Each structure stands twice: as structure tokens, then as C-alpha cells.
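Undergrad: could you look at this predicted model? Sequence included:
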Amino acid sequence: MVHEAEASFGLAPDSGSCKALQRVIDQDRLFPAEPGIRKTARMLYQHTKALPIVSPHGHCDPTQLADDGPFGDPATELVTRDHYILRLLYSQGVPLEALGVQPLDGGWAQSDGREIWRELARSYHHFRGTPSKLWLDHTLAEVLDVGTPLRAETADEVYDDVCARLADDRFRPRAFYERFGIEFLATTDGALDTLEPHAHLRASGWGGRMAPTFRPDDVVDPERSDFRSNVAALGELTGADTSTWRGYLEALRTRRAFFVAAGCTASDHGHPTPATADLSPGDAEQLFATVLRGEPGPADSECFRAQMLVEMAAMSMEDGLVLQLHVGAWRNHNRDVAARFGPDMGADMPRAVDFVSSLQPLLSRFGNESRLTVVVYTLDETTYSRELAPLAGHYPALRLGPPWWFYDSPEGMRRFYGHVIETAGFANTVGFNDDARSLLSIPARHDVARRVNAGYLAGLVAEHRLEEGDAVEIAENLAYHHARHTFRVSS
Amino acid sequence: MVHEAEASFGLAPDSGSCKALQRVIDQDRLFPAEPGIRKTARMLYQHTKALPIVSPHGHCDPTQLADDGPFGDPATELVTRDHYILRLLYSQGVPLEALGVQPLDGGWAQSDGREIWRELARSYHHFRGTPSKLWLDHTLAEVLDVGTPLRAETADEVYDDVCARLADDRFRPRAFYERFGIEFLATTDGALDTLEPHAHLRASGWGGRMAPTFRPDDVVDPERSDFRSNVAALGELTGADTSTWRGYLEALRTRRAFFVAAGCTASDHGHPTPATADLSPGDAEQLFATVLRGEPGPADSECFRAQMLVEMAAMSMEDGLVLQLHVGAWRNHNRDVAARFGPDMGADMPRAVDFVSSLQPLLSRFGNESRLTVVVYTLDETTYSRELAPLAGHYPALRLGPPWWFYDSPEGMRRFYGHVIETAGFANTVGFNDDARSLLSIPARHDVARRVNAGYLAGLVAEHRLEEGDAVEIAENLAYHHARHTFRVSS
Amino acid sequence: MVHEAEASFGLAPDSGSCKALQRVIDQDRLFPAEPGIRKTARMLYQHTKALPIVSPHGHCDPTQLADDGPFGDPATELVTRDHYILRLLYSQGVPLEALGVQPLDGGWAQSDGREIWRELARSYHHFRGTPSKLWLDHTLAEVLDVGTPLRAETADEVYDDVCARLADDRFRPRAFYERFGIEFLATTDGALDTLEPHAHLRASGWGGRMAPTFRPDDVVDPERSDFRSNVAALGELTGADTSTWRGYLEALRTRRAFFVAAGCTASDHGHPTPATADLSPGDAEQLFATVLRGEPGPADSECFRAQMLVEMAAMSMEDGLVLQLHVGAWRNHNRDVAARFGPDMGADMPRAVDFVSSLQPLLSRFGNESRLTVVVYTLDETTYSRELAPLAGHYPALRLGPPWWFYDSPEGMRRFYGHVIETAGFANTVGFNDDARSLLSIPARHDVARRVNAGYLAGLVAEHRLEEGDAVEIAENLAYHHARHTFRVSS
């Protein structure tokens, strides 16, 4: 078997580190084992591996690119901020403090990056079989050019290598952006965000393209403790009277326009359920009054979020923002961890959802509009074939987001394709989202997706369910064109 | 690799079109890629490909076979009537009118078959990876002997070829029936249907066997707008007083006898949920009065449909009809499309169901009866292993229908077998249903199933989970004997 | 292809029966077909096949090992007591009486083992593709050294062979225990059980290790008809006043201590749902009074069982018992069969469950405790990736039990790994449980699991998702070390 040399997204390795690299990650990784399928998978991957990266949804820090300063401590960047890493280590008894997570009460947390890194290395075997290991191995080997596999005994060696690399001027955020071949990078921003880093970047004459995403959960979810103050702040920011329903909607419209001016092409909504509602204007106004001034019960809050999705869709009909729904997570399930450390500690849990009934109000109003694009992401895989593929395979406005979060994984992607494509076709999917929290991990995530896609399509070719030429076209669509088109990057 | 020549269900191709055929559909299609498994799959397929077709559930038009006139325009037959085709094209922005669907208000619809066909051809790439493409490619290549692959540029060429073929006397409905090797073909008919085409066919001395299926949803579902008038018509048709519970049941018994006399071996029930109920006679009578004369709420209607399934099972104990349940679709989810075009436009959506609690009333009453056969079809795959296989693997009366609708597909079938067989065994399944709406597509559907079955069984053989001789027997059962036996075709 | 000779768990076969054996079960069974993967799978299996058996959950009869008398009639041991066998035969119309199941009213049942065996043999083809056939074929060929495949015509020959074998002194229970390489064997015992066989075994100086499991459903589930009398008996047995909440808890603590003294390392709870509750002491006391003296409604009973899981977890924090949850079965779904024959006749049906909300009270109280181990088993596979893997991949106290019951099968295990590992990792799983009802079937079940594990891990190796050395370590963990560690066998 011949492995072609591959430079991929990282720096071109010298021959010494190349040997090392091959010890860490194999050039055929994630391709199916059957030799005929693998050969086709390699071919398909060759067509997509160098395509630009379109990243329409993620959580990178816009100030990193705006400032273009050196990355901080690698443990903070690659461990403490990564809730996938935190959760699995925590489940095996590693205290969050030992991973650098600061308790809200100001209590002790490990602040020595090397010690945090050692903690990861000691438990790195627990990540065998997880996408976190695929991503981190790729990031270390191909992005950071570290030739030594990470394990307990190599913790210091790897840490020193990474620190040395990140101290190098060629490993600054904008240099990575260029080297990774990123064409478009969306961040995720609250409705009250001033988008200063985005303005700074545009003003700097930088050639890249970073866009905000309008995520107004902070002013839409009445169950947030800061909801009322956020709505008040929204009024101040926009000059609208957000104590009235009409003024509140006007303020949101103003903020959307502000985001659009900053390059935004999509909104995003992180709701606990996919509920949508289409109340009469009078009922909506009354509900707003209830959630703003009264003491809303859970049903009021749920209904208000539901109504707001239809309002957002109506605004999208005007301003063209793609409407993204990330639904189905019970946030902060672990009360003790939430109380001690706050949100995003790996304690969010998926729940069963019902898209067919939940989305009906939205789809009844706007589902037949080709001008609108609604992209749905779910954590409930049982809806892939039962609900989402049938809905997306009918309604012109609906598209299926890629496997999200726990399903952004080789098996997760294979299940997604297996359950969705036969009913929805490829054209009702939108390509890949990396959802990354660190710029450093973006190429790894796209690479895993491109490899899994190549393997999946190669399997269809091998069973004569797809012609080879069509498979090339679909692979390129999934890697690049679908995301670019759906998220209106090209327009 | 040697491909044996194959004539399959179509006409024996001449050598010229044979080369063309191989460009469109491969002789090894749908067989697993691993060479050892593929070899066994080919062998198993050879055992089943020429077996007769038993089609116990479908929606073919009985007048076609009764009249035996030439097929109409191919676009009407293969596009406009196929809700799988309509839905995916509609999801990609193609108006239903452009596909020949007539609005209810008499507005414009495309009536030129060639233009409809071009619309399909232009978007045919959206069907890559879907069973619709497998079926249509097979129908064109093997049934209609068209050697040119369908795509935008070949639209007219293919259309002309198909028209020429259908103008040929050898391509009339009865000739197809013979050529396809059909042994039994069931239609689906309302309780008020006069079954005239069936009578006409029997009177004609034709050697084939077409049977009606008793589908009384029109007189059983109180949520239909024509429910009351249908119940009244049922009374007129049978001479029973359908304003009373006793008379209504008597009228249904009379209609079932009429269907049985016309060759019917099964009833079918298209309910939104699998709910069954076993009320006392007094309560049932009162519920009937409510739904017939009063204003039934949704719970009344649901309970009435539920009760009627148990009544139908009781009648099956007398007259021997197999009771089929097709449950779990939210019909006409797209209100706008339903209002403009009516039902069956590809806007039906599956929902989660609970068989374990829903079927208990029916199974408590009749589940232990070997004389009764209840065949359940579902659109909620999550119940395959959790509910249906355990139920069918215990209750003598219960059998599992094949993957239905969105799951009548290669991946759908593989998941069905993977989730069901280990708990229910093969003997609690009933073989294949084509559920076809056009006679022309019947062989394609059976061929896909026989190929997928061969591949699945070959995989078990390769892992020494099944002996080769047993696999042959099971393949033949799944292709032919199970359906023939379950639906009492042989009796 | 070279098959290495294999003696496995059975007696070393002579060359004559060896040839026969190979006709029944293949040495490569359950390994994936792709040659590269199969080769790795064989290697991994070689590392685990001879490891000791740890059996932390099952239903073997402790008196068999205590008495060490000869096994009774093989039909009773292998057919009548096996609810997997009963259910599938019953679903195909075989009366339970014909399989030796005694009706509660004392009516006729077949008592001639040979006739029961013939009944099985006549219908043995219905088990093709099921794990029951894998297990029974293994038990006959490798445990009982029977070289003839079971089918209708060989019924008597196989029966005679098995009888001859079981009459041999080398085929007594303790001899099997040794030969199988069992290191730890847990039984399942009610809270009122005297554990006499366990005491007898310990007193006998036998070198094996059999431990009881504390399964207090009899005194915890208010919906059992004998609940009140059991609670009273609990009081008599312990000297505590079980008419009070405090006394009832004290009595349970006393019984747990008695079990611990007998070698018990785990409790087990067979609840219809995973509901947990954490009431205030006053509310709990009042609820106890309601369920004990009043007429508890279903919600009271559900809440009481829910509360008791948290009480049990609190006791586990003191005495160290691992808390096992077997949830989600609707027991005795077939009312007629339950009325005529009693429980455990193959009529238990899985239902959908919601772990994320149900377990929150328990996890809020104890989920962050590394000292506690809660092992969850489910019959609702849809929760694997949506709920269980995310929960176990975060909470330190939670571990995932292996695929249970209907999912203790090759496909069931593959789905489990495919859905769970990417999110939870291997370390949050607990290895294999055989759940066996007969000592004779224990090696077959572990062998199937070890083979499936080898194949699954070999697939990861082939796709370079796991290094070969790591795969060996994980295979050994799954076969032996995880169970030993989780269930505190080593302590």
C-alpha cells in the first residue's frame, strides 16, 4: 500500500517530523477498510482536501484575529476552553479546577498550563475512540507540527513543543487563517454585542473574511435571569422603546441591520425545544407584556421563544438572514457544577424533540418560501429519518444542518447520511459546520468531515448507487459549495 | 470480474441497448463491496430474481388492467402521480404546477408531458442517493428498454424513447403483468368502492390475479369531512341502518363479504396512530352516536378509530382477512399545499408512536389467536427494536410489515433487518410490499428488495451467523413465500 | 485461510467430534468479513478468549452450585427456563404447555423432556439470525461436546447426547464453573432471601466465588400484590418496625449489611421507568404511609419507587454497593399469558424512557460523587447517543451497562458501541454482563461478546481510529478488567 505524501492544512513537514507524524496520524485514517472503497475514498478526498474552508457556525474569539497577538497558554486554548475535553475528564473524576476552570467564588484553580497539560496527558487514553482525540491529534501533528504522540510520559515534551511553536510569529491567528485556507469564518454574537473586533478587522484592511452571527437568545429567552435588563439595554442601544412589543421588534430589526452591515449572513437560535408559534399580533403583544413585566410561567416563556422564531423568520424574509435553529439541549443539567463554575462545562444534555408538530406554525407561515432558508440542527438523532428528512425533503425553506455536537463524529456523520439522504437528497443538506471554539482546531474538524464524506460516498460508488463523477461533485459540494451557497457567502 | 448476462424483469435487450444498459445500471448494484460477500450475494440473488412477484399492498389503478389500453403520457405516469418525485422537486423550489399537478381551483398546470419530463430531467441530479432514482433508472432501462441515462441534456431523447415504447402493443398493462411474472396484485380500495374493474377483469377470463384490499378509512375516520355522508352511503349500499351502531357494523360485515367475494384477502387501515380500544358494547354504541351525530372532539375521533381496529379484528376472526395497519403519518402537514392541491402531494410527515401501549387493547383481545394475522407498518424506526420486534417475537397474531414509504430503501431495509431479526426472527416478518402507484415501477421495487436482501443475508453468511443453504431458503421466503403465505394468496 | 485449533471453554474435543464441531460453529464466527479486519479481530480475540469470566449480573440458581448435583433434564434447563426460547416459539404458535411450562391452574403441560426437545428441534429454524441460536449452538458444541447440528431430524440424537453428557460426573455445576474459568458469579436475590445456598457454598470450602445481588423490588414496588406482606416480613426478618419510614429504611440497611457479609457487591433495581425523586424527609415519610396503608395511585407508586432509588444511592454511599438500574420494561404485557402462566414467559415489552429528566434528582444529589457507581441498563436504544452517553460522559458517578436483553446480540452490541463510545469513551462503560439463567449458557454469551468486541475494535484499527496496542488493552478491559473493577470484585 502506497501512502502519498500529504501536507494538508499544516506546515509542510520536514522529512524528520514526517516520520514522526506518521506515527501519530495515518494518511488513510477514517477511510473504510475494504480496499476498493478505500481507493475511491482516497481519490474523493484528494478532490476536497485543499478546498477553502467555509465556517458558517462556530464560537471562535473574534478578538484573536482582530488583535493577531500570540496565542496564550496551550492548555487554556486546547483544554480549559474545550467542553468536550472537560466533560470526559470530569466524568473520570478529574476536578474541573485541576483543568484550569476558575470557580465562580474565586476559589483555587490550577493556573500552571504545564500542570493542566499533564492532567490531560495522564488521562488521554480515555479519549481513545472519541472525535476529541482525532481533532487534538490532528491539531498537534498537522497544525502545530508536533511529532510526538501525546501520552502521560510525553506530556512535557509535547507541551514544550507546542509552546515553542506558538511563540513563533508564523503561528499567529491571521497566519493560521491564511494557512488553513479559510474563506469565511462566522462567529456567534449576542444581540447586544458591539462587534468591535469585527469593525477593527474590517478597518485593518485584513484580507480575510470574518462575519458575526446574530444570536439574540439573550434578549429572547425570558428564562434567563438577565432577560429584563438585556431588553432594557437593547432599547438603549437602539433608541427604541423596548417596553412595547412594537418597539422591541423594531429594536431587533435595528440590531439585525447593524449585524448585516458588519457582514452577518445568518441568525442563530439556541432554544431548548424547536417549538414555534404564530400568534395574532394582539396575543403576541400581550405575551410580551407578560414575560417582560409579569412573572412568566414555563409555558409563557416557551411560547414566547416559539413566537420569536416566527418573528425572526418574518424579519429574515426582509433582510435575508439565514435562520439557524440549534435545539434540544437541557443546558446546565448538573446543578452543582453550574452553581460552582457557570455554564458550558460539558453538562448540557440532549433531549427528545418533536419537529413535526413544533415546526408546523413556522412552516405553515413561511415553509413554502424559497427566499427563506431555515437550517435545523438537532441532538435527537431519532428525528433524522422520522422527521427532519421528510420535512426537508418537502418544504422549500427547510435545510438540514450537519451532525451537531455529540454527533460531529465519524459514526455520527455516517448515521446522519444513512438516515437522511435517501429521503432528503444531498441538496437539502448544507455541508459542514465546524462549531469550533478554537481557531487551532478548525482544520482538524473539516478534515475529519471530508474524510468521512469521502468514505461514505465511496461506499455508494462501490455498490453502484452513485457514479464516480457524481461522487466527486457531491464531495466538493459537501466540503465547500453547499455551505458557501446556503449561508450566502458568495452573494 | 465476470458479469453474467441478465434479462431480469424487462424484455431481453438486444446487444446494442445492452451496452447502453450497463452504463445506466450495474448488474452488481446494491451488493456489498467486500468480494466474498458480493459473491454470495450474487448467488442468493440468482435464486430469487426470477421468482414470481406477489404484491399484497399497493396503489395501482385497477382500471388500467381492466381496460388494458395503452399507458398515457409517461410524465403523468412516472412524475405527476409519484409523490416521492413531487416532494423532492418541490423541496428544491420546483412548483407543483410545473410537474403537472392541477390546482383545485382550476388554475394553470403544465399539461405538456414533454415539459414536465424536462423539468424532472433538469433536476434529476437531486435524486442521487435516493431510492426514487434506483427505481426510475431500473424502470427506464429494464422495463422500458431505454439505453440512455436521464439527465438535462437527454430529456427529449429519453422522453421520445419512452413514448415510442408505450405506443407499442407489447407494452400494454396486461403484457407487463405477464412479463413481470406477477402472481398476485392487490389494489387499495375504499369501503364504498364498487370494485367494477375487478369484476370486469374476472369476467374477461384474464389469467392474472388482481384482488382488492378493504380500506374502510372513509367510513371509519370521523375527522374526514365526508365521514357522515360516507356512513350514509354505506347504509344505502348495503341496505343496513348505519345510523345505529349495530347496523353500521352489519354494513361493514356486508362490505367485507363483498370484497372477499372479489378476491380480497386483507383489510388495511391508514390511521394517524396505532391506538386501539376495546370498549364495552354500550360504550362503543354511545361513542358511535357521538361521532356520527354530535361534534366529536379529537379524543372522540381517536377513540373511535381505535375501537374500530378491534371491531375489524373481530370481523377478521370470522372472515379471515389479514388486518394491516399503516400508522404514524401526519397527513397533509403543509396546509397551503393541501388547500391548493389536495392530499398526496408529498407533504405527509411521520411521527413518533407507541406501539406497546397502543396495541395492548387489541392484543389483549386477539393477540394470542393464531388464526388472526395483524401486519404492522410504521414510519417510526425507533420502534423496530424497542417495540415491534419484541411484540412480534411474542404474540402469535402479530407480524411485521416491511420497511414502509421513506424506509422502502436500501438503508431503510438494512436498518429494519438489523433492528428486527435478532429479536423477532425472519418468520415474524412478511416479505416485501412494493406499495407502488404505477404498474411500471413494480419490478424495480422488488428488484431493489431482492438485491438488498441478498446482500444482507450474504453478510450473515460471511460472518458465519447463517449457513449458506439456510440463506437461500430465507432469501426465497423473503422474496416470495412469506408474502404468499401471510396474505393467504395460496389458499 | 488457516484456522487455529481451538478448545475454548468446552472440553478438548477429540478429532472426531472436532470435525463435527466445525460443521456447527465456525472458528471465525462473528468476525467481520473484510480480510484485514478479520485478521486483526482474530488477534484481539486470542487475547481475550482465555481470560477469566466475571459475571456481575445474572439469574443462575445458587442451589445448583451449592448442591453440585447433576443437572436435570436438558429440556428444562435449556428450553423451559429460557424466556428467549419460549417467546419466539410461542410467537410461531407453539403452546407454552408443549414447552413444559406448567399452567398456574395445574392443567396439563408436557413433562417428557424428549418431547419438549423435539418441539424445539422442529422449530429451530425460526432461530436463524437470533442470538439464541448462537448461544445454544455454542453450548451444545463447545460446552456439551455435541457434534451434531440440531434440527428436526436430529432431535433425538442430540437429546441423547446431551443426556449422556449431563449424566457424567465431569459435567456437574462446580466442574463447569472451574472449566469455564469463572472468577466471580453474582446471582439476583430478593430483599427477603435468606441466602442459604450462598452460606452453604462458603461453608463448603469451595474455591469459587458466588455472590448475591441485593434486588429489593419485592419490598420497594407498591404495585406488587405482595408489597405489604413483604414489608411486614422485612420487619420480622430484621426486628425493625417497618410500619414506619425510619424503621423501613433501617430494615433495608440491615438487609444490605447481611448481603454484604455474604459477598454482595451490588444492588439491582428492576423498575418500569428510570424515575428518581429526592423528597424532603417529611414528604417521603408521608408517601411511605400512603403506599403502605392507603390505596396508592399509579403516581404514588411511581414516586415511591423513584424516591427509593435515591435512598438506595444514599445507602450505597455508606456501604459501597454498586447501584444497578434495569429500567424500561412493561412486564407481563400479555394479560392472558400472565394470568395462565405467571411472569417471565417472554411477554415483557420495552418502552421509551427519558433518562435526562428522570435521573436528574438522583444525579443532582449524588452524580458528582466518585465514590458512588450507578450502572444504567436500558431497553430503549434511542437513549444511547441522545441521553446515556452524554450523561455518563459527564457525571462521575454514572456508568453505562452493556446492551441488555434484546440487545445482548451482535447487532445490539455494535449499535451500542457505535452510539456510545464517541461521546462516553470506553472508560464509562462496564464490560459485559451475561444475564444468564443457566450456568450452561454463560460461556456462550461471553464468547459472543468477546468476538463482537474483537470485530468492532478491529474495524477501528483498520480505519486508523485506534492503535493496535490500544485495541488489545481495550479488548481485555471489556472482557475482564472493567467488570472486575466496576463491580468491586477485586476489592
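TA: Nice, I can see it.

Undergrad: tell me who's in contact with A:Thr242.
TA: A:231-232, A:234-235, A:248, A:251 (C-beta atoms under 8 Å, 6 or more residues apart in numbering or on different chains). No exception for glycine: its C-beta is placed from N, CA and C like everyone else's.

Undergrad: which ones are touching A:Cys467?
TA: Actually, residue A:467 is Glu. It isn't Cys. A:Val461.

Undergrad: pick out whichever of the contacts of A:Thr242 sits closest to chain B.
TA: Each of the contacts of A:Thr242 was checked against chain B using C-beta to the nearest C-beta; the closest is A:Tyr248, at 28.5 Å.

Undergrad: how about the CA coordinates for the helix or strand encompassing the closest one, as PDB?
TA: In the assignment (DSSP states H and E), A:Tyr248 maps to helix A:245-261. Provided in PDB are the C-alpha atoms of helix A:245-261 (Å, rounded to 0.1, in the frame of the first residue of the first chain):
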ATOM      1  CA  TRP A 245     -43.900  44.900  21.600                       C
ATOM      2  CA  ARG A 246     -43.700  47.100  18.600                       C
ATOM      3  CA  GLY A 247     -40.600  48.900  20.000                       C
ATOM      4  CA  TYR A 248     -39.000  45.600  20.900                       C
ATOM      5  CA  LEU A 249     -39.400  44.200  17.400                       C
ATOM      6  CA  GLU A 250     -38.100  47.500  15.900                       C
ATOM      7  CA  ALA A 251     -35.100  47.300  18.100                       C
ATOM      8  CA  LEU A 252     -34.400  43.700  16.900                       C
ATOM      9  CA  ARG A 253     -34.700  44.800  13.300                       C
ATOM     10  CA  THR A 254     -32.200  47.600  14.000                       C
ATOM     11  CA  ARG A 255     -29.700  45.200  15.500                       C
ATOM     12  CA  ARG A 256     -30.100  42.800  12.600                       C
ATOM     13  CA  ALA A 257     -29.400  45.700  10.200                       C
ATOM     14  CA  PHE A 258     -26.300  46.500  12.300                       C
ATOM     15  CA  PHE A 259     -25.100  42.900  12.100                       C
ATOM     16  CA  VAL A 260     -25.800  42.700   8.400                       C
ATOM     17  CA  ALA A 261     -23.700  45.800   7.900                       C
END
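
Undergrad: return the set of buried residues in it.
TA: A:245, A:247-253, A:255-256, A:258-260 (16 or more other C-beta atoms under 10 Å in any protein chain shown).

Undergrad: name the helices or strands packed onto the helix or strand just after it?
TA: For helix A:245-261, the succeeding helix or strand toward the C-terminus, using DSSP H and E, is strand A:266-269. Where contact means 3 or more C-beta pairs under 8 Å, 6 or more residues apart in numbering or on different chains; DSSP states H and E, strand A:266-269 is packed against strand A:214-215, helix A:298-319, strand A:322-327.

Undergrad: nearest to C:Ala191, out of the ones you listed?
TA: helix A:298-319 (38.8 Å; C-beta to C-beta).

Undergrad: mean confidence for the helix or strand where A:Tyr90 lies?
TA: According to DSSP H and E, A:Tyr90 maps onto helix A:83-91. Mean pLDDT, helix A:83-91: 97.

Undergrad: quick one: distance of that helix to the chain centre.
TA: 18 Å (C-alpha atoms, centre = their mean, to the nearest Å).
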